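S.K.: Got a predicted structure plus its sequence, pasted below:
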Amino acid sequence: MRIARWMRDAVDEPARGYTAPEFAAHVRTEHSTFRWLFEPMLDHAGFDVLDVRSQRGFYAAYTCRRRD
């Protein structure tokens, strides 16, 4: 399960990234936008997705171009 992997890979030092308690709070209280929701939103807003780079299945960087 992806959440279990996030928890296992969490850092101990908050300055280096998310700690296990921070991951737990994120899962419990925040509502992240998943790729299958986010990409159609970009399309609807008039953007073409040119590139997506994902790290650990959690962080993603998008390169987009605004359609004319």
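M.R.: Looks like it arrived, so ask away.
S.K.: Okay, strands next: where are they in the chain?
M.R.: The residue ranges that make up the strands of the chain, judged by DSSP state E, are 47-55, 59-66.
S.K.: Show me what the last one pairs with in its sheet, parallel or antiparallel.
M.R.: What it means is strand 59-66. strand 47-55 (antiparallel) (DSSP bridges).
S.K.: mind exporting the partner strand as PDB, just the C-alpha atoms?
M.R.: Backbone C-alpha positions of strand 47-55 (Å, rounded to 0.1, in the frame of the first residue of the first chain) are rendered in PDB as follows:
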ATOM      1  CA  PHE A  47      -3.500  24.100 -20.400                       C
ATOM      2  CA  ASP A  48      -1.700  21.300 -22.300                       C
ATOM      3  CA  VAL A  49       0.400  19.100 -20.100                       C
ATOM      4  CA  LEU A  50       3.900  18.800 -21.800                       C
ATOM      5  CA  ASP A  51       5.700  16.900 -19.100                       C
ATOM      6  CA  VAL A  52       5.000  15.300 -15.700                       C
ATOM      7  CA  ARG A  53       7.800  14.200 -13.400                       C
ATOM      8  CA  SER A  54       6.800  12.200 -10.300                       C
ATOM      9  CA  GLN A  55       8.900  11.400  -7.200                       C
END
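S.K.: okay, and the helix or strand of this structure with the least pLDDT?
M.R.: Across the helices and strands of the chain, mean pLDDT, DSSP states H and E gives its lowest value to helix 2-9, namely a mean of 82.
S.K.: Check which residues of that helix are buried.
M.R.: When neighbours are counted by 16 or more other C-beta atoms under 10 Å, the buried residues of helix 2-9 are found to be 6-7. To be clear about C-beta, it is placed using only N, CA and C from the backbone, and glycine gets the same treatment.
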